[in-house]
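1. below are the sequence and a predicted model; questions follow.
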Amino acid sequence: MNSDTDFRGSAPDPDPPRPYHFPHIVRETLANGLRVLVAENHNAAIVSYRLLVRSGADHDGGNPGLASLTADLLDEGAGSRDGVRLAEDLGALGASLASGSDWDASFISLDVLSRNVDQVSPIFSDVVQRPTFPPDALERIRQERLTEIVQQRDEPAAIASKRFSGFLYAGTSYGNPIIGNSESVAAITAAAIRSFNADHYVPNNSSLVVAGDVEAAHVISLAREAFGGWKHGPEPVRPAIRPRAIEGSRIYLIDRPQAVQSEIRIGHVGVSRSSEDYFPLFIMNALLGGVFNSRINLNLRERHGYTYGARSSFSFRRDAGPFVVSAPVRNEVTRESVAEVLSELRRIRTGDIEVRELADTKNYLMGVFPATVQTSSDVAGRLLDMELYGLPQDYFDSYRENIARVDETAIAHVAQKYIDPERLLIVVVGSASQIREPLGALGLAVGEYDIEGQPIA
Amino acid sequence: MKIETYTLENGLRVVLNEDHSAPLVAVNVWYHVGSKNERVGRTGFAHLFEHMLFSGSEHVGNNEHFRYVQSVGGVLNGSTFFDRTNYFETLPSNYLALGLWLESDRMGFFLPALTQEKLDIQREVVKEERRQHYDNVPYGTSFERLLNLAFDPAYSYHWPTIGSMEDLGAASLDDIRDFFRTWYRPNNAVLTLVGDFAPQEARRLVERYFGDIPAGPAVPRFDLIRQPMNGERREVFASPVQLPRIYRLYHIAKMGADAWYAADLLATILTADKASRLEKALVVEKQIAQDVSAYVLPTEAAGLLLMQATAKEGVSANELEAALDSELARLTTGTISEAELTRAMNRAEVDYAHQVENYDSRADMIAMLATYFGDAGMMPRWLDAYRARTPEEIVAVARQILVPDNRVTIHFVPQESR
């Protein structure tokens, strides 16, 4: 036994680890091709329903915002109910409904008190299969959407992210805002929405995921009843995203005269979710800027006090999403912050990885998993990932092993392969009169643009 | 929900909620001090102090607190509000002792690790936090402005937790030392553990790590009394925003009073979804608002109901305010249906279920009840106070609070040139 004086000197040893198992997943594919996945989780009297449609803004084509406007209208009328009636009837069951699109998919989400699962099932089924798209609701939601686009002109973080994607993926759907732009949203027709819904919301392009306080067998039987009659259709063909290459690093400066901080985005095209390098990249990014104790955050925040928080991320989508470092920093240290990020991007490629920092990062990613899947909504989210990206059935069981086997060599390899500090797109939204000159001193090309991304002569 | 409460000899209150659903343990410490305990000239101090408590203690190096927790797969954070400051981590349950070691080291052995350099860095980080969340975003100073109007300067809800740039600049190491000695004592804290542990073993570890931290003198009592406003207070603020927005603050009963629960249900009835009063009238039918929301805050010293609505392009703040008030008048001069109350009640039940299903959010709510009401046992009974409310009572509360004399109104309007 420790004496009472020395137990404070160093961190206590852990007890033996206790086993963790991801909830058992029950799977069934209906005759119409709808895949149903159910995982029980009895932490609270809640059930999470998620319908995944494997088509999102990547299918917008010449109508940016089409997928998300279609999804947004699903709770505005379905079956015999209008939008207000849906809200009343769902509220009476303790259910809340949301729908929307991402780049790769559209989602309908419903959380309900578990005692009301039977009653909510037919309503959810109406929303999925029998949306009515009332013309007055379309016009109202269109106006809300246009107003939202106007509001984003006030938000520096939104401007920075939007322009970063716009410049990086110009001419492809990843370059458009998911919610569209003012011209496209004004032009989308009711017919386009109906046909997007008819073409993409088909059972063979969808998965139903249910997690929570309910018996799996019961959910499966409810699903057969509610979705068995859903007519399957042709499988939509996914357009590939082909961004153009970046020739050399360039700063895109966007003036926001009243700004007291600069919103910085630095990056380039990243990697798709199906990459065989996914795990080493995931760990490399965590170490670089993905967690609080990562290099970029410790540098900009804890060493220099330039920012409240800086981070890096790879958006692993069905095609290669962006790799981006983001930070809001005060005007006076904008140049220094960009320079520090560039130096971290160069350093991670040198293979200079400390044994301890890699071990800490891997231990974090392996150990934190159970804490991130406590709720029904968390569990459902993991199943959606599996379905959307075609992950193997034992994915969450072999997750720790896949992280454990990544070593320093693999980290250095993916850093060299996927991070290119000489071909970076750098967007800075800030007070140009204060930051123009310092940014110029970095020795990179600088161009000035308005908040719509048009060059200023 | 099994909840055990006991108190160590030094006054530290301990709450245990054993639950083996996941191999995790939430370790959560609430100190009963927040921005309302600050003095004029040192606003923002309680929150700056919270940052300092992550910068190491006698046996834990600078930034090592984060490293210890993250490197074993834990998640952690802290937060500051008017009435309290909390520090929490969720760890794999075999690391319970690590969490207790870390929290006890900063409760008992913080001051030896304090340096001017750490303070200077965190001061800059917090100033950036203020810029990011208040000064560089549209409508960012709305809450600060509401508080400035709603509370006289002598009452410390007059300023928000983030404080002013000037006061952040003035904070010194002596201030840190005084604040720590005054407030960060075991007799002013609640330690809550939720999750996968054996209660006997947890008690032994808690005693080991916290038992020898000396109690401090009794903490100063908060005895400020809010002065009545004597009429509505209004402000029109021109700023670089695209759309006008109306902000309202209403004074309500303190949390825990029947009228506070009624006000919480009222807020839901007003703005929870498309079927709610204000959203249906202003957003769906008249289409003069882009959005509308109302909610109560979990404050201890004084109750607050906040409301906001954004005008559509071409709609003035005055026009929107008139429509909002006429809809509120329809409620206060009319009735609430059983169906409306049932929906609001269901939502309270769903919110509670979401709070419970995570160990960390469950621990935080238990700690709140123990800190504000001295009764962690309220946790499993939380919804009873909502269930006891009637439509008539909610209308009566609405009639009492939704009056001009009881409110502050701010119009954020676009500057002339944009």
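-> That came through, no problem.

2. skip the chain neighbours and tell me the closest residue to the closest residue to chain A within the stretch 1-150 of chain B.
-> Among all residues of the stretch 1-150 of chain B, residue B:73 sits closest to chain A, at 1.5 Å; criterion: C-beta to the nearest C-beta. All C-beta atoms are positioned from the backbone trio N, CA, C, and that covers glycine. Nearest non-adjacent residue to residue B:73, counting by C-beta to C-beta, 6 or more residues apart in numbering or on different chains: residue A:367, 1.5 Å away.

3. contact partners for the one you found?
-> Contact analysis of residue A:367 by C-beta atoms under 8 Å, 6 or more residues apart in numbering or on different chains lists B:72-74, B:92.

4. could you dump those residues to TSV with secondary structure?
-> Rendered in TSV, the data for the contacts of residue A:367 read as follows (DSSP: H, G, I helix; E, B strand; the rest coil):
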residue	secondary structure
B:72	coil
B:73	coil
B:74	coil
B:92	strand
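
5. which among those gets closest to residue A:79?
-> Proximity of the contacts of residue A:367 to residue A:79 was ranked by C-beta to C-beta; the top entry is residue B:73 with 45.4 Å.

6. per the annotation, how does chain A divide into domains?
-> Domain ranges of chain A: A:25-227, A:250-449, per automatic domain parsing.

7. I meant to write chain B there.
-> If you go by automatic domain parsing, chain B breaks into B:4-210, B:233-414.

8. tell me, what's the model's pLDDT at the residue in chain A positioned nearest to chain B?
-> At 1.5 Å from chain B, residue A:367 is the closest residue in chain A, using C-beta to the nearest C-beta. If you check residue A:367, the pLDDT there is 95.

9. likewise residue B:63?
-> Reported pLDDT for residue B:63: 84.

10. do you know how far the nearest residue to it once chain neighbours are set aside is from residue A:184?
-> Closest residue to residue B:63 apart from its sequence neighbours, by C-beta to C-beta, 6+ apart: residue A:302 at 5.8 Å. Taking C-beta to C-beta, to the nearest Å as the measure, residue A:302 falls 43 Å from residue A:184.

11. again, but for residue A:18
-> From residue A:18 to residue A:184 the distance is 52 Å (C-beta to C-beta).

12. likewise residue B:304?
-> Residue B:304 is 41 Å from residue A:184, by C-beta to C-beta.

13. returning to what we had before: just send the domains of chain B back as JSON lines, with mean neighbour count too.
-> Converted to JSON lines, the domains of chain B look like this (neighbours: other C-beta atoms under 10 Å in any protein chain shown):
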{"stretch": "domain B:4-210", "mean neighbour count": "20"}
{"stretch": "domain B:233-414", "mean neighbour count": "19"}
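
14. kindly reformat these as CSV containing distance to residue A:80.
-> Output for these, formatted as CSV (distance: least, C-beta to C-beta, whole Å):
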stretch, distance to residue A:80
domain B:4-210, 40
domain B:233-414, 16
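
15. what about the longest strand in chain A?
-> strand A:320-330 (DSSP state E).

16. next, see if that strand gets close to chain B.
-> Yes: shown here: strand A:320-330 in contact with chain B (C-beta under 8 Å from any C-beta of the partner chain) through A:328-330.

17. what's the end-to-end length of stretch B:107-121?
-> 22 Å (C-alpha to C-alpha, to the nearest Å).

18. any part of that stretch near chain A?
-> Yes: if you take C-beta under 8 Å from any C-beta as the test, stretch B:107-121 does meet chain A, through B:109, B:120-121.

19. among those, name the ones in strands.
-> When the residues of stretch B:107-121 next to chain A are checked against strands using DSSP E, none is located there.

20. need those residues in TSV with pLDDT, can you?
-> Output for the residues of stretch B:107-121 next to chain A, formatted as TSV (pLDDT from 0 to 100):
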residue	pLDDT
B:109	97
B:120	96
B:121	95
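
21. sorry, back to before: so what's the residue nearest to residue B:63 scoring on pLDDT?
-> Predicted confidence (pLDDT) for residue A:302: 94.

22. can you count the residues close to it?
-> A count of neighbours around residue A:302, defined by other C-beta atoms under 10 Å in any protein chain shown, yields 19.

23. and the longest helix for the chain?
-> All of this refers to chain A. helix A:135-151 (DSSP state H).

24. wait, I meant chain B there
-> Max-length helix for chain B by DSSP H is helix B:338-357.

25. quick one: residues in contact with stretch A:182-193.
-> A:62-66, A:69-70, A:73, A:133, A:135, A:138, A:142, A:145-146, A:149-150, A:176, A:179-180.

26. out of those residues, which are close to chain B?
-> Checked against chain B using C-beta under 8 Å from any C-beta, these yield the following neighbours: residue A:150.

27. looking at the residues of stretch B:107-121 next to chain A, which one is closest to residue B:258?
-> Nearest to residue B:258 among the residues of stretch B:107-121 next to chain A: residue B:109, at 43.7 Å, using C-beta to C-beta.

28. show the contacting residues for the closest one.
-> Counting by C-beta under 8 Å, 6+ apart, residue B:109 has contacts A:8, B:57-59.

29. now the two most distant members of these.
-> So, the contacts of residue B:109 by C-beta to C-beta: farthest apart are A:8 and B:57, at 9.9 Å.

30. quickly list what's touching both of the two.
-> Joint contacts of residue A:8 and residue B:57 (C-beta under 8 Å, 6+ apart) are B:105, B:109.

31. quick check: residues of the stretch 301-418 of chain B near chain A?
-> Residues of the stretch 301-418 of chain B lying near chain A (C-beta under 8 Å from any C-beta): B:310, B:312-313, B:339, B:342-343, B:346-347, B:349-350, B:353-354, B:356-359.

32. which of the residues you listed lies closest to residue B:174?
-> residue B:359 (38.1 Å).

33. which of residue A:18 and residue A:184 has more residues huddled nearby?
-> residue A:184 (19 against 14).

34. with adjacent residues omitted, what lies nearest to that one?
-> Counting by C-beta to C-beta, 6+ apart, the residue nearest residue A:184 is residue A:64, at 4.3 Å.

35. okay, now stretch B:103-123: how far is its last residue from its first?
-> Note: stretch B:103-123 ends 22 Å apart using C-alpha to C-alpha.

36. ok now that stretch, how far from the chain's centre?
-> Relative to its chain's centre, stretch B:103-123 lies at 24 Å (C-alpha atoms, centre = their mean, to the nearest Å).

37. for burial, what's the neighbour tally of residue A:187?
-> Residue A:187, neighbours per other C-beta under 10 Å, totals 15.

38. roughly how far apart are it and residue A:181?
-> 10 Å.

39. what's the answer for residue A:98, then?
-> Following C-beta to C-beta, the distance that separates residue A:98 from residue A:181 is 23 Å.

40. the more surrounded of these two?
-> Taking other C-beta under 10 Å, residue A:98 and residue A:181 do not tie; residue A:181 has more neighbours (16 against 13).

41. was I right about the more buried one contacting residue A:65?
-> Yes: applying C-beta atoms under 8 Å, one finds residue A:181 in contact with residue A:65, separated by 7.2 Å.

42. may I see the buried residues of the longest helix of chain A?
-> A:137-138, A:140-149, A:151 (16 or more other C-beta atoms under 10 Å in any protein chain shown).

43. next secondary structure after that helix?
-> Per DSSP states H and E, the first helix or strand lying C-terminal to helix A:135-151 is helix A:156-168.

44. quick one: name whatever helix or strand follows that next one.
-> helix A:182-187.

45. model confidence score at residue A:65, please.
-> pLDDT, residue A:65: 98.

46. tell me, what residue is most central in chain B?
-> Centroid-nearest residue in chain B: residue B:81, 4.9 Å away (criterion: C-alpha atoms, centre = their mean).

47. so who does the residue lying closest to that one once chain neighbours are set aside touch?
-> The shortest distance from residue B:81 to any non-neighbouring residue, by C-beta to C-beta, 6+ apart, is to residue B:34 (5.2 Å). Residue B:34 makes contact with B:46, B:80-85, B:161, according to C-beta under 8 Å, 6+ apart.

48. one more: residue B:167?
-> B:41-45.

49. now name the helix or strand holding it.
-> Using DSSP H and E, residue B:167 sits within helix B:165-170.
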